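# Predicted model and sequence follow; I will ask about them next.
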Amino acid sequence: GAVVSQHPSWVICKSGTSVKIECRSLDFQATTMFWYRQFPKQSLMLMATSNEGSKATYEQGVEKDKFLINHASLTLSTLTVTSAHPEDSSFYICSTRSSLSSYNEQFFGPGTRLTVL
Amino acid sequence: QKEVEQDPGPLSVPEGAIVSLNCTYSNSAFQYFMWYRQYSRKGPELLMYTYSSGNKEDGRFTAQVDKSSKYISLFIRDSQPSDSATYLCAMRTYSSASKIIFGSGTRLSIRP
């Protein structure tokens, strides 16, 4: 399957600061990447779909001004959590969809654990 | 009611046992069914991918889909301690390649 990396793997920040998370597709060009959030013992929830060269599409209830997504190249999408608060502490996971796959399946990155103090 | 229901467990079985993991769903439009394995503090890894009803086997893993009952299963034969992880079922409709709906995951522990 496709190789997806995320950086950093974990981050601790103070309340009110902003945090940027990078998602890279290492072995193919991804026009579409997805950002998920996973709270402890809960399922993955899609936050937004990131499209290269255009604005991201956000799911209902996700604040686009708080979770800024930039997909400037075919291999990199970034998620910036602005003015983070303790309730934003979660596991953030990105994925890419491979056009090479017959099922258009998604491949997930290793995730970034964000802790806001 | 959630679109996808999955027993969170934890489920603990001895090494070598057959494991059965299940999910139910409510949306009859779901056509693609997936099982992901997620180790602690890692991203999900795709295990099995099934289209519509039927069975699919891959090594020690067998996925079953019963669309009439809106019920899917994952069987693990000859379970190993390395199978200890959280297993997430997931599904999507034919038209929505992007919108995957995940179950909450079942935590599985295989005792040596």
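Cool, the structure landed. Numbers count the residues shown, from 1 in each chain, chains lettered A, B, ... in the order given.
# Dig out what the nearest residue to A:E59 once chain neighbours are set aside forms beta bridges with.
What sits nearest to A:E59 in space, not counting adjacent residues and going by Cβ to Cβ, 6 or more residues apart in numbering or on different chains, is A:L46, at 5.4 Å. Heads up, the C-betas are built off the backbone N, CA and C, glycines and all. A:L46 has these beta-bridge partners by DSSP bridges: A:Y36.
# Now do the closest residue in space to A:T32 that isn't next to it in sequence against A:R113, distance only.
The shortest distance from A:T32 to any non-neighbouring residue, by Cβ to Cβ, 6+ apart, is to A:R97 (5.3 Å). A:R97 sits 24 Å away from A:R113, going by Cβ to Cβ, to the nearest Å.
# Looking at the two, which has the bigger crowd around it?
A:R97 (22 against 16; other Cβ atoms under 10 Å in any protein chain shown).
# tell me the contacts of that one?
A:30, A:32-34, A:104-107, B:97-98 (Cβ atoms under 8 Å, 6 or more residues apart in numbering or on different chains).
# Which ones among those residues map onto strands?
A:32-34, A:106-107 (DSSP state E).
# check whether stretch B:10-24 contacts chain A.
No - if you take Cβ under 8 Å from any Cβ of the partner chain as the test, stretch B:10-24 misses chain A, and the best it gets is 10.1 Å.
# what residue ranges in chain B are flagged as low confidence?
Residue ranges of chain B with pLDDT under 70: B:96-97.
# Any of the contacts of A:R97 buried? List them.
A:30, A:32-34, A:105-107 (16 or more other Cβ atoms under 10 Å in any protein chain shown).
# Where is pLDDT lowest across the residues you listed?
Lowest pLDDT of the buried ones among the contacts of A:R97: A:E105, 75.
# That residue contacts B:L46, doesn't it?
Yes - with contact defined as Cβ atoms under 8 Å, A:E105 reaches B:L46; the gap is 6.0 Å.
# Can you name the residues of chain B sitting close to chain A?
B:4, B:6, B:8, B:32, B:34, B:36, B:41-46, B:49, B:51, B:88, B:97-100, B:102-105.
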